[in-house]
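>>> got a predicted structure here, sequence first:
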Amino acid sequence: MESLSIIGSKEHTEGIDEIKYCGHFNLEKSLVNIGLVTENDFVVSTSISDDDRVVVRKTAFSCNYRDKTLILHYNRDIQEEEEEDEVSFSYMGSEFVGEVIEIGKNVTSLKIGDRVIPNITYPSYTKEYVGGIPSNHASRRVDDFKENKLVKIPDSMPDAVAASFPIAAFTSYSMIRKVAFPNARILVTSARSNTSLAVISALRNFPVEVYAITSSYEDHDILYNYGVKKVFVVDRYKAKPEEGKALVEFTQQNGLFNAVIDPMSDIYLERVLKFMDYDSKYITCGLYDQYADFSVHSHKERPGILKDIIGQVLAKNISIIGNCIGLMEDFTMALKHYEEGKFDIMIDEVFTIGEEISFFEKTYNSSNRMGKVVFSYV
């Protein structure tokens, strides 16, 4: 069964029956070769090593911002092995949807034929469960997992949404749970990012006012349709950008923000503090520069930034909160709201066999992407 993979060069893999070269794309000026790899020696019946494991045949998967670093690392390792005349490959991706095709004898919550996605609950509060994303190799067509690392999903959820649902659902509802309260004015940064789009969609279910920051002048109508009251444009690449009169004038006339939800703290933390109210809350789930070793657009922080931040935080009694994924209660609420039509995942485009390079180009190199990009095996 073929799995989308990072592979070596076309010349180095030529003549290997198990590897079909599909093409290449550029990621941070690194050339990444992509192919379809067949594991001819994979036997499903022998893949279960424990009685609580479940074998899943993937039907779709997606890559996230966190996967960018991993893809670059995997690609570098493959290139180094090629220099030693070794042939290797690597799967990629954090999220998937698939069908259960085999279960261990002690599995009780799932059955053959169920559609499942990864359970990424984090942190873990029981010794039987290992918190976090179960695999960085979501593109592997057939894989096995412990029963408690999978969640059954309703048949009404399309594959494209399911392959994009776990991280968005857990993370967005976890952050909202920690900072939202009735009538709060909440500012969401990086409004076009997948995380922020999910947060903005979820916030429609809470009695709050939502505002957004983006570096783009495009697609503001989509944000307004999602319930955003006002969109502010800033330049994310400048060390200390001018926020523009609109944001300054808004806070002067309407008051400061009670909370900020920010997926990219190394860009926005310093600049939003001046627009935050006393006793407000700032929550972040990530960094823009998380792949700094590879980046050609590394974001440089200003000297003395920590001192500036701490001074403002102390003066205003601002709470700074870190967030990594979320709890099962966050996912449960997200799934409930999805089934009620009150929460969704914006899908930009779905690609399939024969469109492998287009999938990666749209995922990582398209400036007009708005929503998740999915690769479907069916």
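Nice, thanks for sending it over. Residues are numbered from 1 along each chain as shown.
>>> going forward, measure contacts between C-alpha atoms and count neighbours the same way
Will do.
>>> please enumerate the helices of the chain.
Along the chain, the stretches classed as helices by DSSP state H are 10-13, 65-83, 159-162, 165-179, 194-203, 220-225, 245-254, 265-272, 305-316, 328-339, 356-364.
>>> average pLDDT for the first one?
Averaging pLDDT along helix 10-13 yields 96.
>>> and for the last one?
Averaging pLDDT along helix 356-364 yields 98.
>>> other SSEs contacting it?
If you count contacts as 3 or more CA pairs under 8 Å, 6 or more residues apart in numbering; DSSP states H and E, helix 356-364 packs onto strand 19-27, strand 347-351, strand 372-376.
>>> tell me which of the ones you listed is the most buried.
Per-stretch averages of neighbours, counted by mean count of other CA atoms under 10 Å, single out strand 372-376 among the helices and strands packed on helix 356-364, with a mean of 26.
>>> neighbouring contacts of that strand?
With contacts defined as CA atoms under 8 Å, 6 or more residues apart in numbering, strand 372-376 is touched by 59-63, 159-160, 163-164, 194, 345-353, 356, 359, 362-363.
>>> list buried members of the residues you listed by neighbour count.
Buried members of the contacts of strand 372-376, counted by 16 or more other CA atoms under 10 Å: 59-63, 159-160, 163-164, 194, 345-347, 349-351, 356, 359, 362-363.
>>> domain ranges for the protein?
Taking automatic domain parsing as the criterion, the chain consists of the domains 2-164+347-376, 174-322.
>>> worst average pLDDT in those domains?
Ranked on mean pLDDT, the bottom entry among those is domain 174-322, at a mean of 88.
>>> ends of that domain, what's the gap?
By CA to CA, to the nearest Å, the extent of domain 174-322 from end to end equals 11 Å.
>>> what do you get for stretch 233-253?
End residues of stretch 233-253 are separated by 18 Å (CA to CA).
>>> what of stretch 108-115?
One end of stretch 108-115 to the other measures 15 Å (CA to CA).
>>> with stretch 192-208 instead?
For stretch 192-208, the separation between the terminal residues is 20 Å (CA to CA).
>>> check stretch 189-207 too.
With CA to CA as the measure, the ends of stretch 189-207 fall 19 Å from one another.
>>> what are the buried residues along it?
Taking 16+ other CA under 10 Å as the criterion, stretch 189-207 shows 189-204 as buried.
>>> look up how far Asp221 lies from the residue most central in space within the chain.
In the chain, the C-alpha closest to the average C-alpha coordinate belongs to Asn64, at a distance of 4.1 Å (CA atoms, centre = their mean). With distances defined as CA to CA, the gap from Asn64 to Asp221 amounts to 24 Å.
>>> for the closest residue in space to Phe206 that isn't next to it in sequence, the count of nearby residues, please.
Distance criterion CA to CA, 6 or more residues apart in numbering; nearest residue to Phe206, sequence neighbours excluded, is Pro182 at 7.4 Å. By the other CA atoms under 10 Å criterion, the neighbourhood of Pro182 contains 9 residues.
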